[in-house]
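> need the 3D shape of this:
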Amino acid sequence: MVMEKKNSFYDNEYNVESDNIPFIQISEDFEEVPISVKYGSNIETSNYEILKQVQNKKDFKYSLFFFLLGFLFVLPWGLNIKYLKSRNKTARKLSIVSIVLFIISVLVIVAIILYYSLSPLLEKRFKIFFK
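Just a heads-up that it's a prediction; the model follows:
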């Protein structure tokens, strides 16, 4: 079936067999297909790669945010585990360092809590050491 282009600007009927008229073809299984966009001369960047670059920048920004926020609160260092499998190398490194700092912080906090909660019991038991 061939449709001819009408004179009106608002008519959306085009000749489908013509090569110079842009159209969008949707696959039957609705699979995401990257769209190629040309910028300048012979430089081709796919939509998928642009989204990947944006995601890499977002991963770095959020990983850095959680890393710095971890110095005020310990929990953000633990939340930074999300970026362990990021494609951005810096985000991965920040995530690893954050997790190590989180584990050290939790161990120190637990040790302090145990020391102060158990010290009265140990003081009664071993009076010689607590003089």
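
> tell me the secondary structure for residue 71?
coil (DSSP: H, G, I helix; E, B strand; the rest coil).

> which helix is the longest one in the protein?
helix 89-125 (DSSP state H).

> which parts of it are buried?
Within helix 89-125, the residues scored as buried using 16 or more other Cβ atoms under 10 Å are 91-92, 94-95, 98-99, 101-102, 105. Just so you know, the C-beta spots here come from the backbone N, C-alpha and C atoms, and that holds for glycine as well.

> count the neighbours of residue 47 for me.
13 (other Cβ atoms under 10 Å).

> how far away is it from residue 88?
As judged by Cβ to Cβ, to the nearest Å, residue 47 and residue 88 stand 19 Å apart.

> what about the chain, any weak spots by pLDDT?
1-45, 125-131 (pLDDT under 70).

> recalculate using a threshold of 50.
Along the chain, segments meeting pLDDT under 50 span 11, 14-15, 41-42.

> of the buried residues of helix 89-125, closest to residue 59?
Residue 59 lies nearest to residue 91 out of the buried residues of helix 89-125, by Cβ to Cβ, at 4.2 Å.

> measure the closest one to residue 80 for me?
For residue 91, the distance to residue 80 (Cβ to Cβ) stands at 9 Å.

> okay, and the common contacts of the two?
Residues touching both residue 91 and residue 80 (Cβ atoms under 8 Å, 6 or more residues apart in numbering): residue 63.

> residue 105 contacts residue 74, correct?
Yes. Using Cβ atoms under 8 Å, residue 105 is in contact with residue 74, at 4.6 Å.

> okay, the angle between the strand or helix carrying residue 49 and helix 89-125?
Here residue 49 sits within helix 47-69, counting by DSSP states H and E. Relative orientation of helix 47-69 versus helix 89-125 (axes from the mean of the first three to the mean of the last three Cα atoms, to 10 degrees): 30 degrees.
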